[in-house]
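**Student:** Fold the following for me, if possible:
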Amino acid sequence: MGHIREIRPVKAHSGSLTLQAETGAGRNYFLHSVYDPEAEAQNWLKWVRLTPNTAYLVYGFGFGYYVKALLDKLPENCRIFVIEYSYEESFARAAAQLWPDMRWMADKRIVYLTGPNIRNIVGAAVEYIRTNVLDTITVCRHFAVMQLFPEFFRQLEDELVREVMDQLALNVGFALKYGLLYLENCWRNLPHIFSSPGNGQYTDMFNGMPAIIVASGPSLDKNVDLLHHYLDKAVIIAASTAIGALNKRGIVPHFLVAIDPNPAMYQVLCHDIGTASTLVATYDTDKDLIARYPGPKLFCRASGGDDLAQLAKYLPAVTVLQRSLSGATVAFEFANHIGADPIIFIGQDMAFAEGRSHATGVRTNYNENDPQSSYYWVKGQNGEVLKANRFLKDLREYFISRIATVYKNKTIINATEGGAYLDGAMHMPLREAATQYFGRTIDVAGNIARVHKQFTPANPKRLLQAIQSLGETAGKVIKEITSLNNEEFRAGLTVAEAIECYQKAFAKLRKSNIYPFIAFYIDACYLRQVYEHREGCPAAQQLADWEELFRRVEQALTLISSQVDATVLSLQNKRKI
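**Tutor:** Numbers count the residues shown, from 1 in each chain. Coordinates of the predicted model:
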């Protein structure tokens, strides 16, 4: 469309300023509403899903109204990436020059990336997202700016979808594949969540006391037997994959962290779980493990999406923990949550040390030689170079980032005695760490037992009312979808009119009280649809895509409706969970 010849501030009807851009071809474009640009920005924000630990990629700055609206509502641990065509034609730069009092533009949560070299922009975004441990991305389109540089933004989106989504290991395909599983796990687990303590009751319970995080790497074989001597000197928190190695040696950790939503979770652990460890689970942990776990349970909410967030006020108090890559990362966050200091790692190799992926006794479906994996080289503890796959490499970088920021005032010790070097942590054998940091006897088991003994579930009346209301809403929406698909109704509509009906119905659905419960799954479906339609799509295909989207909505709501009935029955009968 041509380069920008001039950028002019123009007063809108509301009295606020808007921007007018004149291209090299002599055409003029307004970048915001000429009536009320601030109201326009607030309406735009309603379509942006606000979640913690998210990278918001804003295509174009304009006069900053959209970015400012997003910044004012930005959730915890998020970054805004403002992407523009070039520094010379940067609207953010022009706005700063025109209005130097816009100090909010210097907020450290905003990152400005300018082209026109798309590879440089993508590389910078990927690196920044990785080092700041962000879980997902949300693309925020400023269409008025995008129309000035359509080819640039089209190529940019292609690169970002391919590179950034892969870097985060959380793409549309993942949500499509696992969205219903997450949803079903949450609702099947709801009675257990209601009748178990939340991690809020464990806040700073072991303040200033040492904790040992037990992972399942091959170096665990070197010092796992020492844990027998430290069960009353430190809080032992094991990732679920390590339980086989611990069970083989008769070691019972105080806490067992399990966050995997997949059904394979229970099949892997069922031979090794006992009644003594307290299970630390997320709302969406595998439903079979939750239902069949014989010991005490406590629940936490995990970052990166939560299908039950709207019911949290009716459930035991919980704190959101950063969920990044594995049970070991949540174990690390949980150790901080209970106030532990120092936090000591064992079995956290973060590389294929000694030619193995796991310690002796670990049951896993993991295949180190997966031909689909890419491999990297990481620094070892003794200066050697070790092989790691993408997961292990990112796991190491996650810990390094958290140690350098969130945990910079805590003592972090890597007592793995092998594997990758962990920047920011002290490195020493477990026995030496115990000599330096372990002191008085700690009644860990007694403290845990007291929490569960004193815990009494609340009256379920308000929760029942809330979920019954959701069930009614789900039923109404399902009926509306049935009406949309009615052949007699559709026979009187053109394709364009039918598409418009679906669009209006979807806009209404997103404002309903049921949508947050299906958003993780349905947003992914919708975003894929928007992406596939971005360069034009035959009307018949658009209609087919809308029909498919609402088929998925109906599928998700039917699942909720059935689980609502089961949950209501369980709570009303006060059955033993």
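
**Student:** How many neighbouring residues does residue 145 have?
**Tutor:** Residues near residue 145, counting by other Cβ atoms under 10 Å, number 24. Heads up, the C-betas are built off the backbone N, CA and C, glycines and all.

**Student:** Need the phi and psi values for the nearest residue to residue 523 once chain neighbours are set aside.
**Tutor:** Sequence neighbours aside, residue 49 is the residue nearest to residue 523 in space, at 6.1 Å (criterion: Cβ to Cβ, 6 or more residues apart in numbering). When read as degrees, to the nearest 10, the backbone of residue 49 gives phi -80, psi 120.

**Student:** Now for residue 49: which residues touch it?
**Tutor:** Neighbouring residues of residue 49 by Cβ atoms under 8 Å, 6 or more residues apart in numbering: 138, 519, 523.

**Student:** Would you map the strands across the stretch 351-500 of the chain?
**Tutor:** Applying DSSP state E, counting those that start in this stretch to the stretch 351-500 of the chain gives strands spanning 375-379, 385-389, 412-414, 426-427.

**Student:** ok, back up a step: and the gap between the residue nearest to residue 523 and residue 23?
**Tutor:** From residue 49 across to residue 23, the span is 33 Å (Cβ to Cβ, to the nearest Å).

**Student:** I'd assumed residue 415 was in contact with residue 428.
**Tutor:** Yes. In this structure residue 428 lies within contact range of residue 415 using Cβ atoms under 8 Å: 6.2 Å.

**Student:** Compare these two and say which is more crowded by neighbours.
**Tutor:** Each of residue 428 and residue 415 has its neighbours counted (other Cβ under 10 Å); residue 415 has more, 26 against 17.

**Student:** How confident was the prediction at the more buried one?
**Tutor:** You'll see residue 415 listed with a pLDDT of 93.

**Student:** And the one 10 residues further on, by the same measure?
**Tutor:** Residue 425 is assigned a pLDDT of 92 by the prediction.

**Student:** pretty sure it contacts residue 407?
**Tutor:** No. The criterion here is Cβ under 8 Å, and residue 425 misses it with residue 407 at 9.5 Å.

**Student:** so who does the closest residue to residue 410 other than its chain neighbours touch?
**Tutor:** Spatial nearest neighbour of residue 410, chain neighbours left out: residue 341 (5.1 Å); criterion: Cβ to Cβ, 6+ apart. By Cβ under 8 Å, 6+ apart, the residues touching residue 341 are 207-210, 410-411.

**Student:** tell me which of the residues you listed is nearest to residue 37?
**Tutor:** Ranked by distance to residue 37 (Cβ to Cβ), the contacts of residue 341 are led by residue 410 at 45.2 Å.

**Student:** and the closest one, how many neighbours?
**Tutor:** What residue 410 shows, counting by other Cβ under 10 Å, is a neighbour count of 15.

**Student:** List phi and psi for it.
**Tutor:** phi -110, psi 160.

**Student:** got it, and residue 236?
**Tutor:** Here is the backbone geometry of residue 236 (degrees, to the nearest 10): phi -100, psi 120.

**Student:** how close does the nearest residue to it once chain neighbours are set aside sit to residue 311?
**Tutor:** For residue 236, the nearest residue in space outside its immediate sequence neighbours is residue 253; the separation is 4.2 Å by Cβ to Cβ, 6+ apart. Taking Cβ to Cβ as the measure, residue 253 falls 30 Å from residue 311.
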